[in-house]
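J.: I would like to see how this sequence folds:
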Amino acid sequence: MRQIKAPETLWAVWVFGTLAGVLIPLLLVMGGMLIQLLLEGQQGLALNSSSPLPEQLTVGAFFNLPTVWLNTGGSALRGVLGIVVLVVIIIALECISLLICYRAALHTSLEIAVEVQRKLFEKSNALAIEQGLSGQQEALRDMMFIHVPQTRENASQWYRVFPRHLVQSLLLIALACSIQLSVTVLALVCAFVLWLLFSNLDVTRRKRRPVLFERARESSEQLAYLCETAPLLASVHDQEDTKLNYEGQLHAYRQTQLQLSDGGIWKSPTMLLAGTSLAAFLMVVISIRFLDSSGSLHFSELATLCAAVVLSVAGMHRFSRAVRRYKSTEQAVNQLATYLEQPTLDKSSLRRAQSVDMLRQIELDHVTIRNSSGRKLLEDISATIRSGDLTAIVASESVQASAFAELILGFGRPASGRILIDDLDSTDVDPTIFRRSSLWVAARGPLVHGTLEENLWAGVDHDATVDLMSFAKTMHVSEAILNLPDGLMTLVTPNEDRIVPDYLFRLGLTRGLIKKPQLIVAQEPELRVKASTEAETLSAMLQLKSTTTMLVVLAERLSTLRAADQIIVLHEHRIAAVGTHSDLLEQSEIYRHLNYIQFSPFSESVQPN
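T.: Residues are numbered from 1 along each chain as shown. So this is what the prediction gives:
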């Protein structure tokens, strides 16, 4: 994704990851020199001689440490103490490097995720005019809840391993080769053979496990069926046959569970036998090389060689696993890149679009819209919404009602059909100007961080001559405001819990009185309340209807449907019926069904207001 800039912490991953990879081979070299010095000191004590220490400690062909640098003074113990100090320093540096590398990997992956989410937010806003909000909902949820977390987790694991384990493994192989090239190559060949065997067994295991799971499920179902119906089956055939059948299913269940509980590839007999055989072969070869009088392989170098080979193989194994996980992220990254690289509407074309002075009606003429995956949200929709009417939207799926509301607000362009705004095609109307003359009222307002007064004035120039409390009284929300600690100056948040949902909704309606938009689309609260509270909320909407041009409500309450001038019923992506509440109860089976499901007195108890 070229749009995502590299995080600032990436340099720390490279620097400290590389440093951590370099320090492990250096630690092995110092360990080999320590063993060599201990053996030299022990040999001197055994011979009861004061033979001088060697002039330099050697591990392999390239690593030499003059003993004078250790300030031994001819004492093996002082030399050991000097090397131990160096080992402790290297271990401390390794721990610090790993800590910083892991923290940097975490911050890098989080910065990538945060940047991707920021780009998704910006892109979803840019695509809102063409694709709408509901049209993007499925893709956005997949990306936010699946692709972004997967990318973040795999990026964190990748930067924990790379470049640390790659550098560490290469240096360890170089160290082992400098000690004994032929033995190192042979050990790596043996490790490669084991890896090939493991890969083949793993592929076979992955193919078999789904089959084994299905067999285990079938065996469990058969056992349960036989337990439940054994007495009935006795009337069909001999009870001994049922017992034999049950024992056969038990045997199948036991065998399947044993195969599922195999303990993994490494614990399989094949891998254990192969690993043991290759290890024994290597031990024989190393022993021959060590005992060869013409050779120069010391015990300290032998220990360093073995440790280097084992750690390099373990490091390459971790690196290969990280590469597999990194490749598994490719699909998620491609999905994110495809979405972020979508072309957006050319803003210059909007400058020539017209504006609407007085909204009289919105007509949808055989409109079809699709979501980002191409699936139809609404199909062949034809409806007219007139000024002065309260239009209620009822749908069998909430996403259909939301898509319909977004179309009216100017979000989303039809795949076919057209939207007429006062006989003007919506493509000829400036959507930005139209949205400034419309208002969305959410079930909870919505509120933003700030004072209640700032929330009510949101999007409108402050006018000191306007009495906000009079508007609040008209919307039946003044009492809730006066009960707050500082009234209109009370600081509120988007998740405000001091104000009940119906009052939050009425605060959103109060914005409509202040802004005086030509179109209001409101999402009614789903929470069922007392009849008096519901009546006050309906009264507020009817008051707003008398002062605004057009009011559309995504209805959740029966009282709203009864008061609506027009109800549009959406079912299976189409308009199933249009009419008043009483007409639809007589004419529409779908509407009667939705009414029963949503407003049955047995579906939900009334919540306190």
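
J.: where are the low-confidence patches of the stretch 51-200 of the chain?
T.: Scanning the stretch 51-200 of the chain for pLDDT under 70 picks out the ranges 51-53, 72-74.

J.: got it, and the stretch 201-350 of the chain?
T.: For the stretch 201-350 of the chain, applying pLDDT under 70 flags the ranges 233-239, 263, 293-296, 345-350.

J.: same check, this time on the stretch 501-609 of the chain
T.: Checking the stretch 501-609 of the chain against pLDDT under 70 turns up 548, 600-609.

J.: what do you get if the cut-off is 90, keeping everything else the same?
T.: Residues of the stretch 501-609 of the chain meeting the criterion pLDDT under 90: 501-502, 508, 510-519, 525-534, 542-550, 556, 573, 594-609.

J.: what's the nearest residue to the spatially most central residue of the chain if we skip its chain neighbours?
T.: With distances taken as C-alpha atoms, centre = their mean, the residue of the chain nearest its centroid is residue 149 (2.7 Å). Distances taken as C-beta to C-beta, 6 or more residues apart in numbering put residue 113 closest to residue 149, at 7.5 Å, once the chain neighbours are dropped. For the C-beta atoms, the positions are set from N, CA and C on the backbone; glycine is no exception.

J.: Give me the three-state assignment for that neighbour.
T.: helix (DSSP: H, G, I helix; E, B strand; the rest coil).

J.: go on, residue 420?
T.: Going by three-state DSSP: residue 420 is strand.

J.: For burial, what's the neighbour tally of it?
T.: When counting by other C-beta atoms under 10 Å, one arrives at 16 neighbours for residue 420.

J.: how deep is residue 86 tucked in, by neighbour count?
T.: By the criterion of other C-beta under 10 Å, residue 86 has 18 neighbours.

J.: what packs against the helix or strand where it lies?
T.: If you go by DSSP states H and E, residue 86 is part of helix 76-131. With contacts defined as 3 or more C-beta pairs under 8 Å, 6 or more residues apart in numbering; DSSP states H and E, the packing partners of helix 76-131 are helix 10-46, helix 134-142, helix 148-161, helix 330-340.

J.: As CSV, those helices with distance to residue 176 would be great.
T.: Formatted as CSV, the helices and strands packed on helix 76-131 follow (distance: least, C-beta to C-beta, whole Å):
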stretch, distance to residue 176
helix 10-46, 9
helix 134-142, 47
helix 148-161, 21
helix 330-340, 34
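
J.: Identify whichever of those helices lies nearest to residue 534.
T.: helix 134-142 (27.1 Å; C-beta to C-beta).

J.: how close does the closest residue to residue 112 other than its chain neighbours get to residue 101?
T.: Leaving aside its chain neighbours, residue 112 sits nearest to residue 155 (5.5 Å; criterion: C-beta to C-beta, 6+ apart). From residue 155 across to residue 101, the span is 14 Å (C-beta to C-beta, to the nearest Å).

J.: repeat for residue 379
T.: Residue 379 is 54 Å from residue 101, by C-beta to C-beta.

J.: between the two, who's got more neighbours?
T.: Neighbour totals were compared for residue 379 and residue 101, and residue 101 leads with 24 against 18 (other C-beta under 10 Å).

J.: CA atoms of stretch 372-384 as CSV?
T.: C-alpha atoms of stretch 372-384 as CSV (Å, rounded to 0.1, in the frame of the first residue of the first chain):
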residue,chain,number,x,y,z
SER,A,372,-19.0,-2.4,-2.7
SER,A,373,-19.1,-6.2,-3.4
GLY,A,374,-21.8,-5.7,-6.1
ARG,A,375,-24.7,-7.1,-4.1
LYS,A,376,-28.0,-5.2,-4.5
LEU,A,377,-29.1,-3.1,-1.5
LEU,A,378,-32.1,-1.6,-3.2
GLU,A,379,-33.6,-2.7,-6.5
ASP,A,380,-36.1,-0.9,-8.8
ILE,A,381,-37.2,1.6,-6.1
SER,A,382,-39.8,4.1,-7.1
ALA,A,383,-41.3,6.5,-4.5
THR,A,384,-42.1,10.1,-4.0
